[in-house]
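**Student:** could you work out the structure for the sequence below:
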Amino acid sequence: MADYVIAIDQGTTSSRAIVFDKSGSIVSTGQLEHEQIFPKAGWVEHDPKEIWNNVREVIGQALSKANLTRHDIASIGITNQRETAVVWDKNTGEPVYNAIVWQDTRTQAIVDRLAKDGGVERFKQKVGLPLATYFSGTKIVWILENVDGAREKAEAGDLLFGTTDCWVLWNLTGGTDGGVHATDVTNASRTLFMDLETLAWDEDILAAFDVPKSMLPKILPSSGVFGEADSHSLLRETPIAGILGDQQAATFGQAAFDTGESKNTYGTGNFLIFNTGEEIVHSKNGLLTTLGYQIGDNKPHYALEGSIAVTGSLVQWLRDNLGIISSAPEIEDLAKTVDDNGGAYFVPAFSGLFAPYWRSDARGALVGLTRYVNKGHIARAALEATAFQTREVLEAVNADAGVDLVELKVDGGMIANNTLMQFQADILGVPVVRPVVAETTALGAAYAAGLAVGFWSDLDDLRKNWQEDSRWEPKMDDAERDRQIRLWKKAVTKTFDWVDEDVEQG
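**Tutor:** Sure thing, here's the model as predicted:
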């Protein structure tokens, strides 16, 4: 009898394998970071082969730490950084170029070219997304146009595209020897190519991008059997039965299955997802319309999403680029050396601004500086930037949904920071709630995979697993909240119109 499910969480900075039991508790974890490659300003890449090697290794780590074998595992779930694009040769299994990461801004010229006929919202009614460097569609175009021989190979049917879930699935199920080339509806909804209503690739949009349909994976439900791990894997013959993009997986792991439920994930970036049920809601306030999940042959659930490019990665930047801290958790201690931000506001528009502005011409700014400001104030301003950006996204969600959120469920690495969570509650004016199992992204992928094979019987089974760990109530008075938000919005305007034609997009 298999008593566990394993989730592969292929994230922006690391790959993890986490074993969960029936209560949704973590049994063991394996984790390895991969290199962040920055060839030019604004370019962000990963080595797909390093990622796949790390995935294999972390599976071994997780199994060995818990003294488990494949016979103990009922199914495998996969979750992933969503818009990161991998293009590889199906005959050799070799990537034709590094993975181009969701944060990468090199494709702005391609966005501008496509937007000449109809603007950035040219395809939004159909796919729920504006034209932006964020999504994987323009990254495929860049590879086809800039990698020698790629266009010819693609036209000949020899190249495959996938987000990193797809890359892991293809390799895990055999690669060049019968690997399954598929993705789920949530990842497909982040390409700019999938019709939200039909859940199929749109031929007209593919023609506009000049991307051969033969490159694209089959689109399947989030919960259902995709294939089995091949004979070379430690998990051989175990079904891969769930795939969800990381933010949708976190929503699933938070048991936010119903219309009106939501969550906010604090990771490399921040992502707030609001479940709109079986209804497609088109945002009028700068949010994305996306797939929430689909279980088997059931109708899909849709969602509104507010995507913020830089939150946790700002802390990494302070650590790696400036050396203000030597480890990420130190940011809280440094921020606590001061009582407030000293008048400093940090707008981390390193990749432009995502929701609700969608300004690719923006770049980061630290404003309000005086001789009084020290590194403690800068640390606090960096943390507060995450909370302010979340506030702006939540304002957009409330406006689109027509109903105000009454509390915010949170997850991701940054929620261990109590100072940030208290400020988040203060600046929102609603309670912030942290669950017992903070690894909701991996948990959501495990849930999807377990549901498909009967490890869990239904969604009620999963709802019973959710437990509250901590709750932060707002303490800031209304006048101070309004003042802080006013100054933040002023700071945001200082980042606009920075990229001129003679400044390299990046």
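
**Student:** tell me which residues touch the nearest residue in space to Phe257 that is not next to it in sequence, please.
**Tutor:** Among residues not flanking Phe257 along the chain, Leu459 sits closest, at 5.2 Å (Cβ to Cβ, 6 or more residues apart in numbering). Glycine gets a C-beta too; all of them are placed from N, C-alpha and C. By Cβ atoms under 8 Å, 6 or more residues apart in numbering, Leu459 lies in contact with Ala255, Phe257, Leu451.

**Student:** hang on, isn't Thr105 packed against Gly352?
**Tutor:** Yes: with contact defined as Cβ atoms under 8 Å, Thr105 reaches Gly352; the gap is 6.3 Å.

**Student:** any shared contact partners between those two?
**Tutor:** Common neighbours of Thr105 and Gly352 (Cβ under 8 Å, 6+ apart) are Thr133, Ser360.

**Student:** Leu314 - how many residues pack around it?
**Tutor:** Using other Cβ atoms under 10 Å, Leu314 has 23 other residues around it.

**Student:** give me phi/psi at it?
**Tutor:** The phi/psi pair for Leu314 (degrees, to the nearest 10) reads phi -70, psi -40.

**Student:** you'd agree it is up against Thr386?
**Tutor:** Yes: the pair Leu314 / Thr386 is scored as a contact, 7.5 Å apart, by Cβ under 8 Å.

**Student:** can you show me the strands along the stretch 251-400 of the chain?
**Tutor:** 262-266, 270-277, 288-293, 301-308, 345-347, 365-367 (DSSP state E, counting those that start in this stretch).

**Student:** on that earlier part again, pLDDT value on the residue nearest to Phe257, please?
**Tutor:** If you check Leu459, the pLDDT there is 94.

**Student:** what's the answer for the one 5 residues further on, then?
**Tutor:** Turning to Lys464, the model gives it a pLDDT of 92.

**Student:** for Thr105 and Gly352, indicate the residue with more neighbours.
**Tutor:** Set Thr105 next to Gly352 and count neighbours by other Cβ under 10 Å: Gly352 wins out with 26 against 23.

**Student:** and the residue lying closest to Gln467 once chain neighbours are set aside, how far from Gly24?
**Tutor:** Distances taken as Cβ to Cβ, 6+ apart place Val436 nearest to Gln467, at 4.3 Å, with adjacent residues excluded. When Cβ to Cβ, to the nearest Å is the yardstick, Val436 and Gly24 sit 9 Å from each other.

**Student:** so these two - more neighbours on which side?
**Tutor:** Higher neighbour count among Val436 and Gly24: Gly24, with 25 against 13, using other Cβ under 10 Å.

**Student:** surely the more buried one meets Leu443?
**Tutor:** Yes: Gly24 is within contact range of Leu443, at 5.8 Å (criterion: Cβ under 8 Å).

**Student:** between those two, which contacts overlap?
**Tutor:** In contact with both Gly24 and Leu443: Val437, using Cβ under 8 Å, 6+ apart.

**Student:** for the residue lying closest to Arg359 once chain neighbours are set aside, what are its contacts?
**Tutor:** Distances taken as Cβ to Cβ, 6+ apart place Leu353 nearest to Arg359, at 4.4 Å, with adjacent residues excluded. Applying Cβ under 8 Å, 6+ apart to Leu353 gives the contacts Ala309, Val347, Arg359, Ala362, Val492, Thr495.

**Student:** isn't Ile331 right up against Ala379?
**Tutor:** Yes: between Ile331 and Ala379 there is a contact under Cβ under 8 Å: 5.3 Å.

**Student:** any residues in contact with both of those two?
**Tutor:** Counting by Cβ under 8 Å, 6+ apart, the residues touching both Ile331 and Ala379 are Leu318, Ile325.

**Student:** so which of the contacts of Leu353 comes closest to Leu322?
**Tutor:** The closest of the contacts of Leu353 to Leu322 turns out to be Val347 (Cβ to Cβ; 16.2 Å).

**Student:** tell me, how many residues neighbour the closest one?
**Tutor:** 24.

**Student:** continuing past the lengthiest helix in the chain, what's the next helix or strand?
**Tutor:** Longest helix of the chain, by residue count under DSSP state H: helix 375-401. Using DSSP states H and E, the helix or strand that directly follows helix 375-401 along the chain is strand 408-411.

**Student:** in its sheet, what does that next one sit against?
**Tutor:** strand 262-266 (parallel), strand 432-435 (parallel) (DSSP bridges).

**Student:** the next helix or strand after the shortest one to strand 288-293, inter-axis angle?
**Tutor:** Along the chain past strand 432-435, the next helix or strand (assigned with DSSP H and E) turns out to be helix 440-452. Per axes from the mean of the first three to the mean of the last three Cα atoms, to 10 degrees, the angle that helix 440-452 makes with strand 288-293 is 50 degrees.

**Student:** beyond helix 440-452, next helix or strand please.
**Tutor:** helix 459-463.

**Student:** return the list of helices and strands in contact with whichever helix or strand comes after that next one.
**Tutor:** Note on helix 459-463: by DSSP H and E, the next helix or strand toward the C-terminus is strand 468-472. Counting contacts by 3 or more Cβ pairs under 8 Å, 6 or more residues apart in numbering; DSSP states H and E, strand 468-472 packs against helix 418-428, strand 432-435.

**Student:** buried ones in strand 468-472?
**Tutor:** Trp472 (16 or more other Cβ atoms under 10 Å).

**Student:** continuing past it, what's the next helix or strand?
**Tutor:** Trace forward from strand 468-472 with DSSP H and E and the next one is helix 478-493.

**Student:** return the list of helices and strands in contact with that next one.
**Tutor:** Judged by 3+ Cβ pairs under 8 Å, 6+ apart, the packing partners of helix 478-493 are strand 345-347, helix 375-401, helix 418-428.

**Student:** kindly recompute the last result at 7 Å.
**Tutor:** strand 345-347, helix 418-428 (3 or more Cβ pairs under 7 Å, 6 or more residues apart in numbering; DSSP states H and E).

**Student:** do you know which of these lies nearest Glu278?
**Tutor:** Nearest to Glu278 among the helices and strands packed on helix 478-493 is helix 418-428 (28.0 Å), distances taken as Cβ to Cβ.
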